[in-house]
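1. everything below, folded, please.
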Amino acid sequence: MEAVFPGTFDPPTNGHLNVIERASRIMDKVVVVVSANAQKRCLFTPQERHAFLVAMTSSLPNVEVAVWDKLIVDFAVAHGIRTILRGVRAFTDFGYEFELSMINKGINQSIETFLIPTDPRYFVLRSSAIKELVQLGCDVSSMVPGIVEQALKEKHARGLLV
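-> Reported below is the predicted structural model:
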C-alpha cells in the first residue's frame, strides 16, 4: 500500500520524522508532500522544506518527497494513491483531522485517511513553538534535525524569524 503524508512542514520536526519512519515500516511507499500554499505565511520556501525532508529521509528507501500547490486529494489521484496519512498529537488535532478527512472523502470517495498518533516523546512539538523557542535563544536540538536547527538559527540571526 502507498500513502501520502502531506503537511506544511515549516519547519519539519523530529515528530514529523518519527511519523514518516513509522509509516515507512508499514507502507510499501510513503510520499511526503510539502504544501506550497501561497496563502500561508511560511518561514521557509517550499524548496527549502523539500530539501530538509529529502535529507531527513535519505535513509528510508521507500520514502519520496514532493511539493504540491493544489488539493492533496488531487495529488493522490494523480499518483494513483488512495491513502492519506495524518499525524495527531492531541484530541484537538483529532477533531481537525477528522473534519479534513470528511472533506477529502466528499471530494473523492476512493480516498481513505489514516491517523497516526504521535510518539509520546514528540507530543508537544509544534513548528510555531519551535520557532518561538529559537527566537528566545533556547536549545531546540532535541526537537528538530540538525540541518533544520542550523537553518532556524541563520534565519533568526538575519532577523527573518517571526
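
2. show me which helix or strand of the chain is least confident by mean pLDDT.
-> Across the helices and strands of the chain, mean confidence by mean pLDDT, DSSP states H and E is lowest for helix 127-135: a mean of 89.

3. give me the helices and strands touching that one, please.
-> helix 146-157 (3 or more Cβ pairs under 8 Å, 6 or more residues apart in numbering; DSSP states H and E). The way it works is simple: take the backbone N, C-alpha and C, and place the C-beta from them, glycine included.

4. does anything pack onto the helix it packs on? Which helices or strands?
-> Short answer (3+ Cβ pairs under 8 Å, 6+ apart): helix 146-157 packs on helix 46-56, helix 127-135.

5. just want the angle from that helix to helix 127-135.
-> 60 degrees (axes from the mean of the first three to the mean of the last three Cα atoms, to 10 degrees).

6. what separates helix 146-157 from the chain centre, distance-wise?
-> 18 Å (Cα atoms, centre = their mean, to the nearest Å).

7. buried sites along it?
-> Across helix 146-157, burial judged by 16 or more other Cβ atoms under 10 Å covers 148-149, 151-152, 155-156.

8. mind checking the pLDDT average for stretch 58-73?
-> For stretch 58-73, mean pLDDT is 97.
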